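Chemist: Build me a structure from this.
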Amino acid sequence: MAGQAVLEVKDATFEKEVLQSTEPVLVDFWAAWCGPCRALAPVVDEVATQYLGKLKVMKMDVDSNSATPMRYGIRGIPALLLFKGGKVAEQIVGYVPKETIDKAIQKLVV
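Modeler: Next comes the predicted model:
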């Protein structure tokens, strides 16, 4: 389901892939049954391509990974969390236009 620039992350790899990343990371929490998640997917793919080399973009399926969404209090999906230095820097919940995501990313990516 993810584009080529978007990687899948699981509970088991979250610490290494996201929290220990040297570059900012955008994590898209989604599920296959979620309509707004499917609508947001092409936007997330576009963002991944646009910020390639400056931002790591990952997707986490909340149906097969419950520990991480629970740890970050994800109650509604799609939810986009931007991490920098192992901490949540921005959080966007629900379907939003690309400009909203761009604004959040530009605060973190120089």
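Chemist: was I right about Val109 contacting Lys54?
Modeler: Yes: judged on C-beta atoms under 8 Å, Val109 makes contact with Lys54 at a distance of 4.8 Å. No exception for glycine: its C-beta is placed from N, CA and C like everyone else's.
Chemist: Need the overlap of contacts for those two.
Modeler: Residues touching both Val109 and Lys54 (C-beta atoms under 8 Å, 6 or more residues apart in numbering) are Pro24.
Chemist: Counting neighbours, what do you get for Thr100?
Modeler: Residues lying near Thr100 (other C-beta atoms under 10 Å) number 14.
Chemist: Can you classify it by secondary structure?
Modeler: At Thr100 the chain is in helix, as set by DSSP: H, G, I helix; E, B strand; the rest coil.
Chemist: ok, now how distant is it from Arg71?
Modeler: 24 Å (C-beta to C-beta, to the nearest Å).
Chemist: And Glu46, by the same measure?
Modeler: Distance from Glu46 to Arg71, by C-beta to C-beta: 28 Å.
Chemist: who has more neighbours, the two?
Modeler: The neighbour comparison of Glu46 against Arg71 (other C-beta under 10 Å) goes to Glu46, with 16 against 10.
Chemist: What are the neighbouring residues in contact with the residue nearest the centre of the chain?
Modeler: A centroid search over the chain (C-alpha atoms, centre = their mean) returns Val27, at 1.8 Å, as the residue closest to the centre. Contact analysis of Val27 by C-beta under 8 Å, 6+ apart lists Val9, Val18, Met58, Lys59, Met60, Leu80, Leu81, Leu82, Phe83.
Chemist: Which of those residues has the largest number of neighbours?
Modeler: Met60 (27 neighbours).
Chemist: So for that one, what's the pLDDT?
Modeler: Looking at Met60, its pLDDT stands at 98.
Chemist: Run through the helices of this structure in chain order.
Modeler: Secondary structure of the chain (DSSP state H): helices located at 11-14, 35-50, 67-71, 98-108.
Chemist: Mind checking these for the one nearest to Thr22?
Modeler: Closest approach to Thr22 among the helices of the chain (C-beta to C-beta): helix 98-108, 12.9 Å.
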